[in-house]
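Asks: coordinates for the following, if possible.
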Amino acid sequence: MGEEIKKSKPVGLKNYLSIFTKEQLIGQIIELSKKYKEVKSYYDFSLNPDNSKKAEEVKNAVLHCFYPTRGYKLRLKDARKAITDFKKLSPDGESLIDAMIYYVECGVRFTNDFGDIDEPFYNSVAGMFRDAGHLCQSIGLQNNFKARANKIVDDTSDIGWGFHDELGDIFYNHFLK
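Replies: Next up, the predicted model:
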């Protein structure tokens with residue numbers, strides 16, 4: 001497709017793409033969708049933006065990272081990536097917050113089921129709670145998530161590392177103001 005392009009000097013993506021016909025660009029996008037699942041996911045969501053369905057898929061992926069069907073291996077990084085990938089699709093704010101809060105709920109449940117974890121784990125869960133609270137506050141959805149956020153804080157009352165206090169502060173600063 002691009003053999004006829006002379007490589008005399010570096011060009012920007014916009015300039016590079018401008019030399020292709022519409023059909024060639026369509027072909028490239030189709031090829032990218034076949035090669036990269038992220039591209040396919042992006043276009044699938046763009047064509048059929050069912051926020052609630054995609055949010056449920058993300059929540060199932062998060063749950064599986066905390067509670068795999070087989071074995072016992074926490075995959076916190078993968079759970080965070082599921083949220084990050086969902087965010088890249090530009091879903092509506094409420095669906096994104098729902099998935100973020102679910103991540104925190106899973107983290108709290110995991111700790112209550114298996115005992116204290118470690119500081120990086122708590123930092124990750126608290127960071128997601130803070131991000132969800134900030135997003136709630138910025139788009140005015142605190143009341144939609146206040147009950148779930150309050151339950152999260154209540155469910156951490158016996159967890160160490162200052163986790164309960166940090167989540168309480170986040171709740172106060174983002175869900176009550």
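
Asks: distance of the residue nearest the centre of the chain relative to Asn15?
Replies: In the chain, the C-alpha nearest the mean C-alpha coordinate belongs to Ile83, at 1.3 Å (C-alpha atoms, centre = their mean). Computed with C-beta to C-beta, to the nearest Å, the distance linking Ile83 and Asn15 is 35 Å. For glycine as for every other residue, the C-beta is placed from the backbone atoms N, C-alpha and C.

Asks: can you name every helix or strand that the helix or strand of the chain with the lowest mean pLDDT contacts?
Replies: Within the chain, no helix or strand scores below helix 37-47, which has a mean of 77 by mean pLDDT, DSSP states H and E. With contacts taken as 3 or more C-beta pairs under 8 Å, 6 or more residues apart in numbering; DSSP states H and E, helix 37-47 sits against helix 22-35, helix 76-88.

Asks: can I get stretch 145-159 in CSV? Just the C-alpha atoms.
Replies: Extracted C-alpha coordinates of stretch 145-159, given in CSV (Å, rounded to 0.1, in the frame of the first residue of the first chain):
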residue,chain,number,x,y,z
PHE,A,145,-22.8,6.7,44.1
LYS,A,146,-22.9,8.0,47.7
ALA,A,147,-24.5,4.9,49.1
ARG,A,148,-22.0,2.5,47.5
ALA,A,149,-19.1,4.8,48.4
ASN,A,150,-20.3,5.0,52.0
LYS,A,151,-20.6,1.1,52.2
ILE,A,152,-17.0,0.9,50.9
VAL,A,153,-15.8,3.0,53.8
ASP,A,154,-17.9,1.1,56.3
ASP,A,155,-16.6,-2.2,55.0
THR,A,156,-13.0,-1.1,55.6
SER,A,157,-13.4,-0.3,59.3
ASP,A,158,-11.3,-3.4,60.3
ILE,A,159,-8.6,-2.9,57.6
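
Asks: so where's the chain uncertain?
Replies: Within the chain, the segments meeting pLDDT under 70 span 1-10.

Asks: domain ranges for the protein?
Replies: Annotated domains of the chain cover 1-35, 50-175 [automatic domain parsing].

Asks: kindly reformat these as CSV containing distance to Tyr42.
Replies: Shown next, in CSV, are these (distance: least, C-beta to C-beta, whole Å):
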stretch, distance to Tyr42
domain 1-35, 9
domain 50-175, 6
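
Asks: most packed of those domains?
Replies: domain 50-175 (a mean of 17; mean count of other C-beta atoms under 10 Å).

Asks: and the end-to-end length of that domain?
Replies: End-to-end span of domain 50-175 (C-alpha to C-alpha, to the nearest Å): 27 Å.

Asks: chain center to it, what's the gap?
Replies: 10 Å (C-alpha atoms, centre = their mean, to the nearest Å).
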